[in-house]
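below are the sequence and a predicted model for it; my questions follow.
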Amino acid sequence: MLLPRSRRIRGTSQERISAGRRTCDPHGIPASAEGGGPTAYWGVRDIDAASKRLHELGADDRSPIADVGDGIRVAVLTDPFGNAVGIIENPHFRVENVR
């Protein structure tokens, strides 16, 4: 749940958490605007369908779908707020093997 823009938690030395701006950076600059930072990858069964749906929801390609070997395909998209969203289709992954 996102807080209204007017509800902000302010810290010391200009540090702030602003839910309205969707940022936790003390300077108010999203990490994606700097082009760095980690990307979390969401496992999907069909990367083509997942990419199509994310585009329908307003995402843009940052790194198009690519085969990285052994049948594994990945892509990175940018959501409407500038956040990187990684998706991965891995035919070898089995959720029942995760402990």
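Cool, got the structure.

going forward, measure contacts and count neighbours with C-alpha atoms only.
Noted.

against Pro38, how distant is Ala49?
As for Ala49, its distance to Pro38 is 24 Å (criterion: C-alpha to C-alpha, to the nearest Å).

what's the answer for Ser63, then?
In terms of C-alpha to C-alpha, Ser63 sits 14 Å off from Pro38.

out of the two, which sits in the busier spot?
Neighbours were counted for Ser63 and for Pro38 using other C-alpha atoms under 10 Å; Ser63 has more, 13 against 10.

give me the residues contacting the helix or strand where the more buried one lies.
Secondary structure from DSSP states H and E places Ser63 in strand 60-69. Identification of contacts with strand 60-69 by C-alpha atoms under 8 Å, 6 or more residues apart in numbering yields Ile47, Arg73, Val74, Ala75, Val76, Leu77, Thr78, Asp79, Pro80, Ala84.

sheet partners, orientation included, of that strand?
Strand pairing for strand 60-69, using DSSP bridges, gives strand 72-78 (antiparallel).

list the buried residues in the strand holding Ser63.
Residues of strand 60-69 classed as buried under the neighbour-count rule (16 or more other C-alpha atoms under 10 Å) are Asp60, Asp61, Ile65.

doesn't Ala49 belong to a helix?
Yes - looking at Ala49 with DSSP: H, G, I helix; E, B strand; the rest coil, it is inside a helix.

domain boundaries for this protein, per the record?
Structurally, the chain divides into domains by automatic domain parsing as follows: 1-37, 38-99.

least confident of the ones you listed, on average?
Here the lowest mean pLDDT among the domains of the chain goes to domain 1-37, at a mean of 46.
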